[in-house]
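> pasted the sequence and its predicted model underneath.
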Amino acid sequence: MQSPRDPKNLVVVGGRVMFESLAQATGLKIYPRSVTEAGGTTYFLARGPQGKVLGIQGDATGFEGNSQLLYPLTPANAAALRTRLPWLTPVPLRLRTSAGCGDRLGLATPGHIRALRKVGGIAPILAQQSMRENARTLRTPQQVLDDAMWGVFQEGWCEPWGADADHLKTPTDIDICAAAGYTFYTVDPGDHVDNAAHSASLETLRAKFESLPWDELEDSPAALRARTLGRTFDLSTFTLEFDEASLLRAACKYGRAIAHAKRMYRHLAAVMGEQAFELEVSVDETETPTSPLEHFFIAGELQRLGVVWVSLAPRFIGRFEKGVDYIGDLDAFEAEVLRHVAVLHHFGSYKLSLHSGSDKFSIYPIVARHTGGLVHLKTAGTSYLEALRVTAQVEPALFREILDFARGRYETDRATYHVSAELRQVPAAGNLSAAALPGLLDQFDARQVLHVTYGSALARFGERLKALLDEHEEAYATALETHFVKHLRPFR
């Protein structure tokens, strides 16, 4: 496939008009990296007075629109373009070092790609959103995937990229995302974790153990005891042993979650049929950390049940709060990561996944050093915060409105997050000069207050914010590029 990137060098089909002349005649801004020739037809993305449009010179069969040259960015045209340009379709990334670039506004992909190009060697997931995020941003899984695809097209990204249907809890969630074309499915069985088992007495654990869904687990209490108790598991760098209390605690805490993950995996496999996909199992949204012993138990049981996964997200020790760096003892974290890595190698190879991974700069070198590239970094809210940084720079009045609104919503919206920001540390907008506003995006408390109120803020200010960022798309892309290079470079 030829993909000339300089529009001056590309002649419109039939030799009638150069792209340069087309831009002058129509007032269109053509995104040069998007210009692609395939099968005798040329495709490009352009911006006109009414926004972005798809340009096609040649065979436009199957595309909807009234023009013979320019077509709207509709879901139908996105689907048609994917059939013409296969690199616009997400694919599984397997064991490549990878990063999830969540985008709650649908405008961040160009900036993400520029950072990926600058760093190199990181496989991206460019469409990533959970059902909870979809509800709060009023977007559908199809919109999320299509928005990312148009960004891929705009930037001429021809390398593999993935689409993560994040934190799926029900088979219906899977059905919706499979229909949209996702390739990476993060199953979240957290609602089925028994957090009380973590501190329950042995007597209580014995009763809980007997009542686990043994038919769904395709197991029995006696069989699990027989294959686990009295054995020493050699993980090369250390050994693991289960006594009765630790086995029952792990089984009671995670048994129902494992059964749910199995159900979700089998449903996913049936829905996908012959289509390639990959699975992540996430147990990070629990009240207590996932110990290496519990990680071993989860992985062993999933493997026994025939579940195939590419990455697993434990809840690590310390605090992974939204929008800020890791909070905890780095030496203890490093020692724990070494053990988690030994567990994943014991069961073959899969990736450790870092959820709430945005802005955890102090731990990136540790994780990169010990995983040998078997890592998936998951980010989302940090791109929204960079959008607010740009807003503070170019439209202080809008940022002031968002800031004061967020301050008013914080105590309500924080209920679904583990955060420790104190509202009294975040000044009211009227107490700050315009020059001081962007600096709030470097302040711990302000970042969290703005982060966790994103859903409420987008419901109130979403259209204005998107219009502003669309107008200043280069400023937003540049801010994201700078910010994401800091995220990605430690993993190279």
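In hand now; what should we look at?
> buried residues, the lengthiest helix in the chain. List them.
Counting by DSSP state H, the longest helix found in the chain is helix 244-272. Of the residues in helix 244-272, 246-265, 267-268, 271 count as buried by neighbour count, 16 or more other CB atoms under 10 Å. The C-beta positions use only the backbone N, C-alpha and C, and glycine is treated the same way.
> which elements pack onto that helix?
When contacts are defined as 3 or more CB pairs under 8 Å, 6 or more residues apart in numbering; DSSP states H and E, helix 244-272 packs onto helix 171-180, strand 184-187, helix 202-210, helix 214-217, helix 221-228, strand 278-282, helix 292-304.
> export those as TSV, with columns for mean neighbour count and distance to Ala99.
Below are these laid out as TSV (neighbours: other CB atoms under 10 Å; distance: least, CB to CB, whole Å):
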stretch	mean neighbour count	distance to Ala99
helix 171-180	18	20
strand 184-187	26	12
helix 202-210	15	38
helix 214-217	15	34
helix 221-228	14	36
strand 278-282	24	13
helix 292-304	21	22
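> how about the ones you listed, which one is nearest Val324?
Comparing the helices and strands packed on helix 244-272 against Val324 with CB to CB, the closest turns out to be strand 278-282 (20.6 Å).
> next, the angle from that closest one to helix 292-304.
Taking axes from the mean of the first three to the mean of the last three CA atoms, to 10 degrees, one finds strand 278-282 and helix 292-304 inclined to each other by 140 degrees.
> strand 278-282 to helix 244-272, inter-axis angle?
150 degrees.
> so for strand 278-282, mean pLDDT?
The pLDDT scores in strand 278-282 average 99.
> quick one: that strand to chain centroid distance?
Distance of strand 278-282 from its chain centroid, counting by CA atoms, centre = their mean, to the nearest Å, is 12 Å.
> can you pull the contacts of Ala196?
Counting by CB atoms under 8 Å, 6 or more residues apart in numbering, Ala196 touches no other residue.
> quick check: it vs Lys253, distance?
For Ala196, the distance to Lys253 equals 9 Å [CB to CB, to the nearest Å].
> any idea which element Glu37 lies in?
Here Glu37 sits within strand 36-38, counting by DSSP states H and E.
> what are the contacting residues of the next helix or strand after that strand?
Later in the chain than strand 36-38, the nearest helix or strand by DSSP H and E is strand 41-48. The contact list for strand 41-48 (CB under 8 Å, 6+ apart) reads 7, 10, 12-13, 19, 23, 26-31, 34-37, 52-60, 70, 81, 84-85, 150, 153-154.
> right, and the helix or strand after strand 41-48?
Where DSSP H and E defines the elements, the next helix or strand beyond strand 41-48 is strand 51-57.
> pull out the buried residues from that next one.
Those would be Lys52, Val53, Leu54, Gly55, Ile56, Gln57, for strand 51-57 by 16+ other CB under 10 Å.
> from the residues you listed, which is closest to Glu401?
Lys52 (26.6 Å).
> so what sits opposite the closest one in the bridge?
Assessed by DSSP bridges, Lys52 has beta-bridge partners Arg47.
> my read is that it contacts Thr74, right?
No. With contacts defined as CB atoms under 8 Å, Lys52 does not count as touching Thr74, sitting 11.7 Å away.
> tell me the secondary structure for Phe405?
helix (DSSP: H, G, I helix; E, B strand; the rest coil).
> contacting residues around it?
Contact partners of Phe405, counting by CB under 8 Å, 6+ apart, are Thr453, Ser456, Ala457, Arg460, Phe461.
> quick one: what helix or strand has the last one in it?
Applying DSSP H and E as the criterion places Phe461 in helix 454-471.
> domain ranges for the protein?
Split into domains by automatic domain parsing, the chain comes to 7-85, 88-193+234-381, 389-489.
> first-to-last residue distance for the second one?
According to CA to CA, to the nearest Å, domain 88-193+234-381 extends 24 Å from its N-terminal end residue to its C-terminal end residue.
> please state the offset of it from the chain centre?
Mean-position distance between domain 88-193+234-381 and its chain equals 8 Å (CA atoms, centre = their mean).
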